[in-house]
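K.L.:
Turn this into a structure:
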Amino acid sequence: MTLTKRIVPCLDVDKGRVVKGKKFKDIQDVADPVELAKRYNAEGADELVFYDITASNEERNIFSDIVERVAAEISIPFTVGGGLRTVDDIQKVLRAGADKVSINSAAVKNPQLLKDAADKFGKQCVVLAIDAKEIAPEKWSVFINGGRLDTGKDAIEWAIEGEKLGAGEIVINAIDADGEKKGYNLELNRRIAEVVNVPIVASGGAGELKHFAEALQEGKADAALAASVFHYGEIPIPELKDYLKKLDIPVREAAAK
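P.N.:
Below you'll find the model as predicted:
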C-alpha cells in the first residue's frame with residue numbers, strides 16, 4: 001500500500017497571533033490562528049501544526065486556551081509545540097485538543113523527555129522537531145531556543161537518537177531556508193530520511209508548487225510543511241494537491257473548490 005503524502009500548514013503563534021519571519025527573524029503579524037485553522041481544515045490540509053514560537057525562549061507554558069479554540073474548529077490531526085518541558089506540559093496540551101506534540105529545545109536539553117512521553121502517550125503522539133543550520137558543507141548543527149543557540153549536536157545523529165528514544169515522527173526545519181521561498185533543503189531531508197524509519201516532515205523554504213514535489217520525491221519526505229505561501233494565499237492547498245496528483249504523487253483528496 002502506498003502511503004499518501006501530507007500537506008501541512010504551520011501556524012507560528014506569538015502572543016496569540018499567527019506571525020511569520022525569515023530565518024526566525026523579522027517577525028510580522030499575519031492573522032488570527034482560529035480563523036486560519038478553520039480555513040485550512042476546509043481547504044483540505046492533511047494536518048495542522050501550531051508552534052508557540054517564543055514559549056521556549058521565554059521559559060513559559062504554551063497558551064492552552066488558544067490550542068483549545070483551534071482544536072474545537074478542526075477535524076484534521078493537530079500537532080502543538082513550543083515550551084513543552086515536562087510530561088505534565090505534554091498532557092495538558094493533549095487534553096486541550098492536540099493529537100501530537102512537537103518537542104524541540106526541551107528534547108535536546110533532556111532527551112529522556114522523548115522516551116517518557118512515548119512511554120506514556122505512545123510514539124504516534126511524539127514529534128521531534130529539529131531546527132538545523134548548515135555550519136560546514138554537508139554538516140548541519142542542531143539549534144534551539146527558536147534558532148538562537150547552537151547546541152553543537154549533529155542534526156543527522158540527533159535524528160537517529162531521537163527515533164531510538166521514542167519519536168514517532170521528525171520535523172526537519174532548515175533555518176537557512178526558512179522564509180526564503182527558494183525550496184526545501186533536499187539534501188538534509190534525504191540524508192535523514194535514509195537513516196530513520198519514522199516519517200519525516202520537510203520544513204522551511206517552500207515558495208513554489210515544484211518545491212513541494214521536490215521535497216516529497218528527491219527529499220524523500222513523507223510530508224511537506226509550509227506557512228507563508230498558505231497564509232497569504234500564494235499557493236492554495238487544493239491547487240497544490242491537483243499539481244502533485246498530476247505528478248503521480250499520492251495525496252488525499254483536496255476539499256471541493
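K.L.:
So which bits of stretch 137-147 are buried?
P.N.:
Across stretch 137-147, burial judged by 16 or more other Cβ atoms under 10 Å covers 140, 141, 142, 143, 144, 145, 146, 147. Where C-beta positions appear, they are placed from N, C-alpha and C, glycine not excepted.
K.L.:
Please tabulate those residues in CSV and include pLDDT and distance to residue 167 as additional columns.
P.N.:
As requested, the buried residues of stretch 137-147 are exported to CSV (pLDDT from 0 to 100; distance: Cβ to Cβ, whole Å):
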residue, pLDDT, distance to residue 167
140, 97, 17
141, 97, 19
142, 97, 13
143, 95, 18
144, 89, 16
145, 78, 19
146, 71, 20
147, 80, 20
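K.L.:
Centre of the chain to the longest strand along the chain, how far?
P.N.:
If each strand of the chain is counted by residues according to DSSP state E, the longest one is strand 126-136. For strand 126-136, the distance between its averaged C-alpha position and the chain's averaged C-alpha position is 11 Å (Cα atoms, centre = their mean, to the nearest Å).
K.L.:
and it, average pLDDT?
P.N.:
Averaged across strand 126-136, pLDDT comes to 96.
K.L.:
Return that strand as PDB; C-alpha atoms alone will do.
P.N.:
Once non-C-alpha atoms are left out, strand 126-136 reads as follows in PDB (Å, rounded to 0.1, in the frame of the first residue of the first chain):
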ATOM      1  CA  VAL A 126       5.600  12.400  19.900                       C
ATOM      2  CA  VAL A 127       7.200  14.500  17.200                       C
ATOM      3  CA  LEU A 128      10.800  15.500  17.400                       C
ATOM      4  CA  ALA A 129      11.400  18.900  15.700                       C
ATOM      5  CA  ILE A 130      14.900  19.700  14.700                       C
ATOM      6  CA  ASP A 131      16.000  23.200  13.800                       C
ATOM      7  CA  ALA A 132      19.100  22.600  11.700                       C
ATOM      8  CA  LYS A 133      21.600  25.000  10.200                       C
ATOM      9  CA  GLU A 134      24.500  24.200   7.800                       C
ATOM     10  CA  ILE A 135      27.700  25.100   9.600                       C
ATOM     11  CA  ALA A 136      30.100  23.400   7.000                       C
END
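K.L.:
got the contact list for it?
P.N.:
Around strand 126-136, the neighbours that count as contacts under Cβ atoms under 8 Å, 6 or more residues apart in numbering are 24, 79, 81, 100-104, 107, 114, 117-118, 140-144, 146-147, 150, 155, 158-159, 162-163, 166-176, 185, 188, 201.
K.L.:
related to what we said a few turns ago, closest to residue 35 among the buried residues of stretch 137-147?
P.N.:
residue 146 (24.3 Å; Cβ to Cβ).
K.L.:
Now do the SS call for the closest one.
P.N.:
Here residue 146 is coil, with the state taken from DSSP: H, G, I helix; E, B strand; the rest coil.
K.L.:
still on that earlier bit, could the buried residues of stretch 137-147 go into JSON lines alongside distance to residue 93?
P.N.:
What follows is the buried residues of stretch 137-147, written out as JSON lines (distance: Cβ to Cβ, whole Å):
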{"residue": "140", "distance to residue 93": "28"}
{"residue": "141", "distance to residue 93": "28"}
{"residue": "142", "distance to residue 93": "22"}
{"residue": "143", "distance to residue 93": "23"}
{"residue": "144", "distance to residue 93": "19"}
{"residue": "145", "distance to residue 93": "19"}
{"residue": "146", "distance to residue 93": "18"}
{"residue": "147", "distance to residue 93": "22"}
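K.L.:
Within the helices and strands, which one has the closest residue to residue 98 other than its chain neighbours?
P.N.:
Closest residue to residue 98 in three dimensions, ignoring its sequence neighbours and counting by Cβ to Cβ, 6 or more residues apart in numbering: residue 80, at 4.0 Å. Element membership of residue 80, judged by DSSP states H and E, is strand 78-81.
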